[in-house]
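K.L.:
Have a look at this prediction, sequence included:
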Amino acid sequence: MTKKKLFRIIKLSLINLFVILLLLILIDPIMGMISAEKEGLSRNINFKENTPNSSLKIGNDEIDRNKKPNFKNTDQYGFILGPNETSTNEIDFIFLGSSTVENENVREVNRYPFLSIKNLNQELGTNYISRNAGVGGNLLSASNLILTTKIIPIKPQYVVLSSSLIDMLYLSKNRSYWDGSKRYLIEEKAANSLLKNIKDTFFPNLWLQIRKFRLNSNISDFQKKDFSPEDQERILNQYRSQLEVFINTCLIYSITPILSTDYYVPELVKRNLIKKGIFNSHEANYYVETLIPELNLLINSKAEEYDLSIIKLHERVELNNNFVNKEDGIHLTDEGSQKVSEVISNFLLRIIQHEEI
């Protein structure tokens with residue numbers, strides 16, 4: 001093949017690529033109008049779930065590059081499995097919540113929904129089975145949807161709920177669980193590699209990639225919304241309602257609900273909120289030093305009202321920067337998840353031994 005002929009092929013390929021890109025840019029708005037909801041049906045529930053029966057590799061950019069890749073494997077319900085779990089027996093414990101329960105970047109063997117029950121089984125000589133129903137970004141309202149549609153039919157003995165910090169963040173910027181979008185709570189990360197970027201761009205959803213450059217940043221929209229300490233009553237009332245839905249639904253279906261507070265390192269949380277521009281220093285201080293403690297008191301009061309067990313992770317686990325991701329102060333590291341597993345397994349041990357008396 002002559003250089004002239006090769007140059008002509010490359011030239012034609014580039015022209016064709018340009019034409020395709022141009023067509024997709026022009027077609028995208030039209031497709032949006034075609035697929036738009038009909039009048040009167042413009043509002044949607046923003047809900048996430050892990051894909052059932054899937055195996056997701058967590059790239060080395062998300063964990064120590066010196067370690068082997070991590071995986072997130074799910075069962076037929078989209079619940080996260082422990083390492084090499086294949087049991088189809090009845091599920092005894094389900095851990096429900098957002099990314100602080102999901103523990104995506106913690107290694108499979110150290111994720112506390114698995115490890116705490118493993119420790120419990122070793123102590124009691126039992127064979128309890130647990131599942132991790134945590135989903136990054138899901139609020140308590142979405143967790144209640146998972147409860148009613150997925151968990152109730154399974155009929156586990158216990159459901160451990162840990163969902164609070166993300167709800168307070170969302171409700172501080174929106175009037176209720178039904179206002180606004182929560183997409184901006186999860187920042188999109190840059191492509192992991194040049195090859196991945198090329199793959200994402202040209203196959204299979206090119207038009208979705210193009211749209212990224214045409215839409216405003218969700219996190220920017222979130223930063224602009226005002227938050228006032230005067231909103232505290234509204235925020236806590238919204239959360240209280242959803243918490244009561246969770247508790248009463250479990251009790252109606254003879255499932256034992258166990259409440260849990262989130263573990264966090266206050267100074268790291270404040271620094272992250274200010275750094276990302278979500279709150280100014282005054283708002284961040286109020287959020288961490290007043291709103292979250294008031295929330296924990298609310299959760300405790302509901303546990304007392306309904307005579308439920310509550311795992312106070314914010315009190316039972318000592319403050320340690322090594323227990324959390326230093327970039328946010330709330331997501332557990334492997335070391336932190338191991339520590340939380342010890343606390344939870346010891347707590348559940350006392351519950352079960354008490355029930356056997």
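P.N.:
Now that the structure is in, tell me what you want to look at. Numbers count the residues shown, from 1 in each chain.

K.L.:
How many neighbouring residues does R240 have?
P.N.:
By the measure other CB atoms under 10 Å, the count of residues near R240 is 15. C-beta coordinates here come from the backbone N, C-alpha and C atoms, glycine included.

K.L.:
ok, now which ones touch the residue lying closest to it once chain neighbours are set aside?
P.N.:
The shortest distance from R240 to any non-neighbouring residue, by CB to CB, 6 or more residues apart in numbering, is to L298 (6.2 Å). L298 makes contact with 236, 239-240, 243, according to CB atoms under 8 Å, 6 or more residues apart in numbering.

K.L.:
Which strand or helix spans L298?
P.N.:
helix 292-305 (DSSP states H and E).

K.L.:
Show me which residues of that helix are buried.
P.N.:
If you call a residue buried by 16 or more other CB atoms under 10 Å, then helix 292-305 has these buried ones: 292, 295-296, 298-300, 302-303.

K.L.:
Dump that helix to CSV, keeping only the CA atoms.
P.N.:
Taking C-alpha atoms only, helix 292-305 is exported to CSV below (Å, rounded to 0.1, in the frame of the first residue of the first chain):
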residue,chain,number,x,y,z
ILE,A,292,-25.5,15.2,63.3
PRO,A,293,-25.5,15.0,67.2
GLU,A,294,-29.3,15.9,67.1
LEU,A,295,-29.8,13.2,64.5
ASN,A,296,-28.1,10.6,66.7
LEU,A,297,-30.3,11.7,69.6
LEU,A,298,-33.4,11.2,67.3
ILE,A,299,-32.3,7.7,66.3
ASN,A,300,-31.7,6.8,69.9
SER,A,301,-35.1,8.2,71.0
LYS,A,302,-36.8,6.0,68.3
ALA,A,303,-34.9,3.0,69.5
GLU,A,304,-36.2,3.7,73.1
GLU,A,305,-39.7,4.4,71.9
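
K.L.:
Beyond it, next helix or strand please.
P.N.:
Trace forward from helix 292-305 with DSSP H and E and the next one is strand 309-311.

K.L.:
Same question for whichever strand or helix holds L268: list its buried residues.
P.N.:
Secondary structure from DSSP H and E places L268 in helix 266-275. When burial is assessed from 16+ other CB under 10 Å, helix 266-275 yields the following buried residues: 266, 268-274.

K.L.:
Can you show me the strands along the protein?
P.N.:
55-58, 70-73, 93-97, 130-134, 158-162, 256-260, 309-311 (DSSP state E).

K.L.:
Closest one of the buried residues of helix 292-305 to N119?
P.N.:
A303 (23.0 Å; CB to CB).

K.L.:
what residues are up against the closest one?
P.N.:
259, 309-310.

K.L.:
who wins for neighbours among the residues you listed?
P.N.:
L259 (23 neighbours).

K.L.:
what comes up buried for stretch 100-110?
P.N.:
100-108, 110.

K.L.:
so what's K72 closest to, chain neighbours aside?
P.N.:
Nearest to K72 is L56, by CB to CB, 6+ apart, at 4.5 Å.

K.L.:
what separates the one you found from I352, distance-wise?
P.N.:
33 Å (CB to CB, to the nearest Å).

K.L.:
right, and Y158 touches S260 too?
P.N.:
No - contact status for Y158 versus S260: not in contact, 11.4 Å apart, counting by CB atoms under 8 Å.

K.L.:
neighbour-wise, which of these two wins?
P.N.:
Ranked by neighbour count (other CB under 10 Å), Y158 and S260 place S260 first, with 28 against 21.

K.L.:
check contacts around the more buried one.
P.N.:
Contacts of S260 by CB under 8 Å, 6+ apart are 160-162, 310-313, 344.

K.L.:
Surely N325 touches H331?
P.N.:
Yes - here N325 reaches H331: they are 4.4 Å apart, a contact under CB under 8 Å.

K.L.:
So which of the two has more stuff around it?
P.N.:
Ranked by neighbour count (other CB under 10 Å), N325 and H331 place H331 first, with 21 against 17.

K.L.:
Now do that one, the pLDDT please.
P.N.:
In this model, H331 is scored at 94, pLDDT.

K.L.:
What distance do you get for it to N103?
P.N.:
Distance from H331 to N103, by CB to CB: 8 Å.

K.L.:
burial count for D334?
P.N.:
20.

K.L.:
pretty sure it is touching R107, no?
P.N.:
Yes - with contacts counted by CB under 8 Å, D334 reaches R107, the gap being 5.6 Å.

K.L.:
shaky segments in the stretch 151-300 of the chain?
P.N.:
180-227 (pLDDT under 70).

K.L.:
Which parts of it are helices?
P.N.:
Applying DSSP state H, counting those that start in this stretch to the stretch 151-300 of the chain gives helices spanning 152-154, 165-173, 194-202, 206-211, 218-224, 232-252, 266-275, 281-286, 292-305.

K.L.:
closest one to F71 among those?
P.N.:
Per CB to CB, nearest to F71 of those: helix 194-202, 17.4 Å.

K.L.:
list the contacts for I91?
P.N.:
Contacts of I91 by CB under 8 Å, 6+ apart are 129-131, 154, 156.

K.L.:
mind giving me the domain ranges of the chain?
P.N.:
Following automatic domain parsing, one finds the domains of the chain at 1-32, 55-184+208-356.

K.L.:
Turn the ones you listed into JSON lines, columns for distance to F47.
P.N.:
Output for the domains of the chain, formatted as JSON lines (distance: least, CB to CB, whole Å):
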{"stretch": "domain 1-32", "distance to F47": "21"}
{"stretch": "domain 55-184+208-356", "distance to F47": "5"}
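
K.L.:
Of these, which stretch is the most buried?
P.N.:
Mean neighbour count, computed with mean count of other CB atoms under 10 Å, is highest for domain 55-184+208-356 among these, reaching a mean of 18.
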